[in-house]
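Q: Below are the sequence and a predicted model for it; my questions follow.
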Amino acid sequence: MEPRVSRVLAMLMVFAAMGAPGQAQDAGALKKDMIGQWELSTTERSKTCVVTLKPDTTPQGLRLELEPGCAAALPFTRDIKAWTVKGLDIVRLQDGAGEAVIDFTEVETGIFEGLRTNEGVYILQNLVAARSLAKSMDQMIGDWAMVRGNGNAICGLTLTNNDAGNDNFQVFLKPKCDPLVATFAPTQWRLERGQIMLMSDRGVTWRFEADDNAQWRLVPDTADPLILLRQ
């Protein structure tokens, strides 16, 4: 082997050795952060399951416990026997053979998303944070007014907790709404990543985001904003 090639290979081996401890440390830190109670749920928590991730090693992986109602709420959890961290940032819930039942990656601090083919997206998040979100959902239920930036009300609507399928809930418009809203005709809503989403049967979605004045403004914002106010 030529001296120059030999030196290059030696340098690559040094860099690899330098990188390995950092990778192990990142994966180890994630494992440590994951120890505790988590909520596994559909995107809007219509079906939930409490998962306790433990540091103990088992033949299948790291130990976990599922609350008794998990299999009824989320049937695929029947196959989950252990958990682990794959690579640097994948939290895997796996079966007894070590195969992935579902893989999660962090999308926001403390919130992980996983996809199951032909089923959809599932969320894994800290149990305390998840229950706080549930409280927020409950606070959304009731009567609202949709107003312009000048304060003129253009429509009244009621957000309910009536199941509309696909993790959505029913919304009802009150009579005499402005044509803009009446034409939109939302029939479903949900709270997603801090936004109120109103959806029509035609597939149109309006997203409202909380502002500094505790109001919910249609995004993207415009010179003539549309605002949701709790009644």
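A: Yep, it's here. Numbers count the residues shown, from 1 in each chain.
Q: Angles on the backbone of N118, please.
A: Dihedral angles phi and psi of N118 (degrees, to the nearest 10) take the values phi 70, psi 0.
Q: Equivalent analysis for Q139, please.
A: Dihedral angles (degrees, to the nearest 10) for Q139: phi -70, psi -20.
Q: I'd like to know how many residues surround it.
A: When neighbours are counted by other Cβ atoms under 10 Å, Q139 registers 10. C-beta: built from backbone N, CA, C; applies to glycine.
Q: State the distance from it to D89.
A: 33 Å (Cβ to Cβ, to the nearest Å).
Q: got it, and T160?
A: Separation of T160 from D89 (Cβ to Cβ) stands at 38 Å.
Q: One more: P225?
A: Spatial separation of P225 from D89 under the definition Cβ to Cβ is 38 Å.
Q: Next, the contact list for L40, please.
A: With contacts taken as Cβ atoms under 8 Å, 6 or more residues apart in numbering, L40 has the following neighbours: T48, C49, V50, V51, C70, L74, T77, L93, Y122, I123, L124.
Q: How about the secondary structure of it?
A: Three-state secondary structure (criterion: DSSP: H, G, I helix; E, B strand; the rest coil) places L40 in strand.
Q: What helix or strand is the closest residue in space to it that isn't next to it in sequence located in?
A: Closest residue in space to L40, ignoring its immediate chain neighbours: C49 at 4.6 Å, by Cβ to Cβ, 6 or more residues apart in numbering. Here C49, judged by DSSP states H and E, is contained in strand 48-58.
Q: Now do the helix or strand following that strand, average pLDDT.
A: If you walk from strand 48-58 toward the C-terminus, the next helix or strand you reach (DSSP H and E) is strand 61-66. This predicted structure assigns strand 61-66 an average pLDDT of 94.
Q: Kindly calculate the angle that strand 61-66 makes with strand 48-58.
A: Between the axes of strand 61-66 and strand 48-58, defined by axes from the mean of the first three to the mean of the last three Cα atoms, to 10 degrees, the angle is 150 degrees.
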